[in-house]
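Engineer: can't give you the sequence, but here's the structure:
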């Protein structure tokens with residue numbers, strides 16, 4: 001039987017993923033909130049580019065203005081990276097896979113923060 005991560009476990013895994021980021025990478029990240037949500041909202045999913053109608057789980061999302069797209073006088077709200085517990089629990093089979101997927105998702109969303117497009121990032 002498949003056992004997903006509880007909310008508390010999932011949040012701990014997200015914190016571990018952040019702590020495992022290379023220091024030079026982490027030092028560049030300012031004013032970013034990392035949040036855990038159980039499921040993406042309708043708006044989150046609606047904003048996705050679907051490949052030929054194939055629906056895959058949305059594991060995380062970056063909400064903000066990429067660094068490269070900013071001007072010096074923009075009012076800056078904290079950027080937000082959200083990791084979705086439900087979808088990640090559904091796509092993994094073991095706790096180890098969950099940990100790896102959370103880490104990959106956090107890094108992927110930070111890629112968007114740094115202005116990378118999906119096809120520019122390693123998968």
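Structural biologist: That came through fine. The model shown is predicted, which means the values in this text are computed figures rather than measured ones.
Engineer: where along this structure do the strands fall?
Structural biologist: For the chain, the strands defined by DSSP state E occupy 32-37, 60-63, 79-84.
Engineer: Take those strands and write them to TSV, including mean pLDDT and mean neighbour count.
Structural biologist: (Each C-beta comes from the backbone N, C-alpha and C, glycine too.) Formatted as TSV, these follow (pLDDT from 0 to 100; neighbours: other CB atoms under 10 Å):
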stretch	mean pLDDT	mean neighbour count
strand 32-37	91	16
strand 60-63	92	21
strand 79-84	93	21
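Engineer: what about these, which gets the closest to residue 93?
Structural biologist: strand 79-84 (17.4 Å; CB to CB).
Engineer: Show me what the closest one is packed against.
Structural biologist: strand 32-37, strand 60-63, helix 95-113 (3 or more CB pairs under 8 Å, 6 or more residues apart in numbering; DSSP states H and E).
Engineer: Turn the ones you listed into TSV, columns for distance to residue 16.
Structural biologist: Shown next, in TSV, are the helices and strands packed on strand 79-84 (distance: least, CB to CB, whole Å):
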stretch	distance to residue 16
strand 32-37	12
strand 60-63	15
helix 95-113	7
